[in-house]
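Q: okay, here's the prediction I keep looking at, along with the sequence it came from:
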Amino acid sequence: MEPKPQKKWAMVVDLDRCTGCEACVVACHAENNIPTVGAKEAAIGRAMHWIRVERYYEGEFPDVRAKFRPVFCQQCDAAPCEPVCPTYASYHTSEGLNGQVYNRCIGTRYCANACPYNVRFFNFYNPVWEKPLHLQLNPDVSVREVGVMEKCTFCVQRIKAAEIDAQAEKRELKDGEIQPACAQTCAPRALVFGDLNDPASEVARLAKSNRATRLLEELGTQPKVIYLERESWHDGENS
Amino acid sequence: MTEKTPNQITEDLLRPIFQTSWKFFAVVAFLGAFVVAAFAAYAYQVYTGIGVWGIRRPVFWAFDITNFVFWIGISHAGTLISAILRLANATWRRPVTRCAEVITAFALSIGAMFPIIHLGRPWLAFWLIPYGSERQIWPNFRSPLAWDFFAINTYLIGSVVFLTLPIIPDWALVRDKAEGWRRRVYTILALGWRGTPRQWARLESAMHIMAIAIIPVAVSVHTIVSWDFAMAPVPMWHSTIFGPYFVAGAIFSGIAGLIIAMALLRKFLHLEEYLQPVHFDNLGKLLLMMSLLWVYFVFAERLTAWYGNDPAEMVVVWATQRGPFAPLFWTMVVCNFLIPFPILAIKRLRTITGTVVASLAVVIGMWLERFLIIVPSLSHKYLPYSWGDYRPTWVEITIMSGTFAGMALLYVLFSKAVPIISVWELKVGKHGVGSRE
């Protein structure tokens, strides 16, 4: 039997479909046990949202258009966060994910400084869930303690669960079988997840689109999040 | 100055060890209060969480790493200058070297605490040590923080050896003069020093080896500290100039620290006849040269960024030149150049008071420089949506003031235990006695 190609998990974000509803943000909070930090902390910039919807305005009043861009860990192939971690808490998994080992993190916060996308979040205090929110914690995801860095994992717990199921049933993973919480909840289907190394997958097909761009790709980070946009936000860059 | 006899030199320089006034205890209590406050603030931080600091996304380093770089920088005066002056056989160095080497040992110890203080989970700091754990996980040797661990520890051990070697004959001198418990303590410290020609020969060759070896170590340490920044793709950090820029800045702030320490010692320990205007004049000239070098580096860094015109870098450049950080930036320029340059360039102003004023300005300016390297870049990384801000809290300020008081406290305690001016080296310089020659 021919060796199976290594998985390369990727996400496609169709900005032409995104309505900026932020359902993905809520879904991510619920799935990944992300604490809410309270109004006071959020006001000084300590809010934790593994996925955020950046809102930009285009044009001059009255001809103005709002543009939305969901930004989360770009799962870079050449990730700046990984080499700087002195304890290997931030490391590259065999499936190309930027792993974050909470138990190994000592909280230097160097990874967050090195990350050009600012998608890494630090637990400044021990997380607290006000009742009854403590009853809805997801048992598949560990809760992080004070002093630890965290970020989007592409819902690695769902990836692993699907892989184990497929293995038990002695079959290949199907394209679209794995849905991270954000993609699952996205009403306009702006988020598509899959294996970039499988040429038949939807993400591989969409990644070839002439609308495809990657965020800050000029930095050489080789992100695995692909943004689709019909018109560039930047002048003179239509594609 | 009238020539002092060897006995007078011994008596003058050992006086602080044998005589203690109430002022000593007052100073220790005063400085100790700040140190205790800093430890209390740190305990509160560890207990509550590092959220009691003002850091926030995306500014994850601020006062902590500023103080780290600042104190490592201050440490660069001592050993480096002393080693260079020893190798160059500059005779005026004799009363200065030990004051300088002590600064290195203490400033480095304080600076080296910050990488531990600033951790989210400081109780796991030992994971930076490469030890064979049952899980077979090593530190990540690609991380500049792991390089820091080795560089700083090498420099600390080297500096302590470099400081201790020439103290041995002086400890023997104290041993010979002392009685009771002091004699017992200094007998151990003197390591059996008898002053035989063979011992002198060994001491001198050991000092020579250390003086040569410590210079590349000192240069590498601050280069590696600068690489904590330069290795990350952050606007205005990712620069090849950072290594030499940081080394020059470190020596600059270090000389300033040395001048301030010498002036205080001169006043409080009545060392007017040993630390003379000529020493301040010579160090003032060195400070002047470093000030010019510093301006050159800042100019080169800013000019190349401006011509490169990278959008992400230009945001940081303008944030410091005329944006929210401009008041701090121009204060830095005033403190590091506009104040010290005329004072140090004009011979009439290059007095003890003049050099101390210039040095105080430089210490403030160089602290600001480190802050301005870290915070404006982190708060203006690529995506404007996630730009941020930073304000320190009382916890950070208390810890920082504790480090300054702690430095002074360690210095005061040290000058109680060790002659702060090398007695035997001074005698060799003045009378040619004490050495085998």
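A: Looks like it came in fine.

Q: count of residues packed around whichever residue of chain A sits closest to chain B?
A: Among all residues of chain A, A:Gly107 sits closest to chain B, at 1.9 Å; criterion: CB to the nearest CB. (Each C-beta comes from the backbone N, C-alpha and C, glycine too.) Using other CB atoms under 10 Å in any protein chain shown, A:Gly107 has 24 other residues around it.

Q: that one contacts B:Ile117, correct?
A: No - counting by CB atoms under 8 Å, A:Gly107 stays clear of B:Ile117, with 11.3 Å between them.

Q: okay, now the unreliable bits of chain A?
A: Chain A contains residues with pLDDT under 70 at A:1-4, A:231-239.

Q: show me what from the stretch 1-150 of chain B comes close to chain A.
A: For the stretch 1-150 of chain B, the contact set with chain A under CB under 8 Å from any CB of the partner chain comprises B:48-51, B:55-58, B:60-61, B:115, B:118-122, B:124-125, B:127-128, B:137, B:139-140, B:142-146, B:149.

Q: got the contact list for residue 203?
A: Let's take chain A. A:Ala10, A:Met11, A:Val12, A:Val192, A:Phe193, A:Gly194, A:Asp195, A:Leu196, A:Ile226 (CB atoms under 8 Å, 6 or more residues apart in numbering or on different chains).

Q: could you do chain B instead?
A: B:Leu165, B:Pro166, B:Ile168, B:Pro169.

Q: JSON lines for the residues you listed, including pLDDT, neighbour count and secondary structure?
A: Converted to JSON lines, the contacts of B:Leu203 look like this (pLDDT from 0 to 100; neighbours: other CB atoms under 10 Å in any protein chain shown; DSSP: H, G, I helix; E, B strand; the rest coil):
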{"residue": "B:Leu165", "pLDDT": "91", "neighbour count": "18", "secondary structure": "helix"}
{"residue": "B:Pro166", "pLDDT": "89", "neighbour count": "22", "secondary structure": "helix"}
{"residue": "B:Ile168", "pLDDT": "90", "neighbour count": "18", "secondary structure": "helix"}
{"residue": "B:Pro169", "pLDDT": "90", "neighbour count": "22", "secondary structure": "helix"}
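
Q: now for A:Ile159, how many residues are close by?
A: Applying other CB under 10 Å, we find 21 residues neighbouring A:Ile159.

Q: so where does it fall, helix or strand?
A: Secondary structure assigned from DSSP states H and E places A:Ile159 in helix A:156-168.

Q: distance between that helix and the chain's centre?
A: Here helix A:156-168 shows a centroid-to-chain-centroid distance of 18 Å under the convention CA atoms, centre = their mean, to the nearest Å.

Q: ditto for stretch B:135-145
A: 28 Å.

Q: can you check stretch A:192-208 too?
A: Per CA atoms, centre = their mean, the centroid offset for stretch A:192-208 relative to its chain is 16 Å.

Q: measure it end to end?
A: In stretch A:192-208, first residue to last residue: 14 Å (CA to CA, to the nearest Å).

Q: pull out the buried positions in that stretch.
A: By neighbour count with 16 or more other CB atoms under 10 Å in any protein chain shown, stretch A:192-208 contains the buried residues A:Val192, A:Phe193, A:Gly194, A:Asp195, A:Leu196, A:Asn197, A:Asp198, A:Ser201, A:Val203, A:Ala204, A:Leu206, A:Ala207.
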